[in-house]
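Engineer: here you go, sequence then predicted model.
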Amino acid sequence: MQLCGLSLSPFYERNLILLDLKGQADKVETPGVPGGFKSEEHLRICPTGKIPFLLKDDGSQLIEGQVIAEYLDGLLDGPKLLPADPDARAQVQMICRVVDLYIAAGMSPMSVAVFRGIRDDAKIEKAKAEDFPKAVNLLGWALSKRGKRAVGDSWTIADCAMIPIMFHFKNAVARFDVDALAINADVAAWWDSVKDEPVVQASHGRMQKVFDFVVAAAARKAG
């Protein structure tokens, strides 16, 4: 199997974290994006032109980071990161949906400005004042608030989804004088409990390498 994408994408990176937590990183190849991002080859394999996508051994593909994460969790050996208990499972999936639908959208104008060099000041100010704080508070509401992880004391896909977002909070959102962790105490408490874990440090190290390259390219485009 081949997991295709770039670590700056939180939807791609959650799957690398999942593989690390399951001890199965050597079971999936990570070739980047065949042909380059939005190339003819990329669009032929993945018509959405997005990342990540998974090329399965039978020649079929999967798209959407959360779909891929749940597939890999069920397929591969190692600790299960989607709980069997229906209530815990639903909460994990709810947190992932909050990240994908609300956090990502709330910080989008700031991310676009940093990573693509396209700045819309009106959208950025609205995001800072309304959309982003609302999304962070929703994430805090969704957390279990019991245990050391997003849901209970064990790692789940919810943690996999949140860890890359913290990188963007520190390296994109913070550039607009927004302290994301000051918005909600429950999100801050979760981050404090996981930030020094090796899997988190490894993830943010991968993301930093791509971040430095992309930001430099965006600066050249803007300049």
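Structural biologist: That came through, no problem.
Engineer: in the lengthiest helix in the chain, what counts as buried?
Structural biologist: Among the segments of the chain that qualify as a helix by DSSP state H, the longest is helix 198-222. The neighbour-count check on helix 198-222 (16 or more other CB atoms under 10 Å) flags Val199, Val200, Ser203, His204, Arg206, Met207, Val210, Phe211, Val214, Val215, Ala218 as buried. (Each C-beta comes from the backbone N, C-alpha and C, glycine too.)
Engineer: so which residues of this protein form helices?
Structural biologist: Under the criterion DSSP H, the chain carries helices at the ranges 10-22, 40-45, 65-75, 86-98, 104-106, 108-116, 121-126, 132-142, 157-171, 185-194, 198-222.
Engineer: neighbouring contacts of the fourth one?
Structural biologist: Outside of helix 86-98, the residues that reach it under the criterion CB atoms under 8 Å, 6 or more residues apart in numbering are 66, 69, 82-83, 135, 138-139, 142-144, 150-152, 156-158, 161-162.
Engineer: swap in the second one?
Structural biologist: If you take CB under 8 Å, 6+ apart as the criterion, helix 40-45 is touched by Cys4, Val33, Pro34, Gly35, Gly36, Gly49, Phe53, Leu55, Gln61.
Engineer: of those, which is the most crowded?
Structural biologist: Neighbour count (other CB atoms under 10 Å) singles out Phe53 as the most crowded of those, with 25 neighbours.
Engineer: so what touches stretch 148-165?
Structural biologist: Under the contact criterion CB under 8 Å, 6+ apart, stretch 148-165 has outside partners 9-10, 13-15, 17-18, 21, 66, 69-70, 73, 79, 81-83, 88, 91-93, 95-96, 99-100, 103-104, 139, 143-144, 146-147, 190, 193-194, 199-200, 203-204, 207.
Engineer: now do that stretch, average pLDDT.
Structural biologist: Stretch 148-165 comes out with an average pLDDT of 97.
Engineer: how about the CA coordinates for that stretch, as PDB?
Structural biologist: Output of stretch 148-165 as PDB, limited to C-alpha atoms (Å, rounded to 0.1, in the frame of the first residue of the first chain):
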ATOM      1  CA  LYS A 148      -4.900  11.900  29.600                       C
ATOM      2  CA  ARG A 149      -6.000  11.700  26.000                       C
ATOM      3  CA  ALA A 150      -8.800  13.100  23.900                       C
ATOM      4  CA  VAL A 151     -11.100  10.300  24.900                       C
ATOM      5  CA  GLY A 152     -10.000   8.500  28.100                       C
ATOM      6  CA  ASP A 153      -6.500   7.400  28.900                       C
ATOM      7  CA  SER A 154      -5.600   5.600  25.600                       C
ATOM      8  CA  TRP A 155      -4.500   7.000  22.300                       C
ATOM      9  CA  THR A 156      -7.300   7.100  19.700                       C
ATOM     10  CA  ILE A 157      -7.800   8.500  16.200                       C
ATOM     11  CA  ALA A 158      -9.100  11.600  17.900                       C
ATOM     12  CA  ASP A 159      -5.600  12.300  19.200                       C
ATOM     13  CA  CYS A 160      -4.200  11.500  15.800                       C
ATOM     14  CA  ALA A 161      -6.500  14.200  14.300                       C
ATOM     15  CA  MET A 162      -5.700  16.800  16.900                       C
ATOM     16  CA  ILE A 163      -1.900  16.600  17.100                       C
ATOM     17  CA  PRO A 164      -1.300  18.000  13.600                       C
ATOM     18  CA  ILE A 165      -3.800  20.800  14.200                       C
END
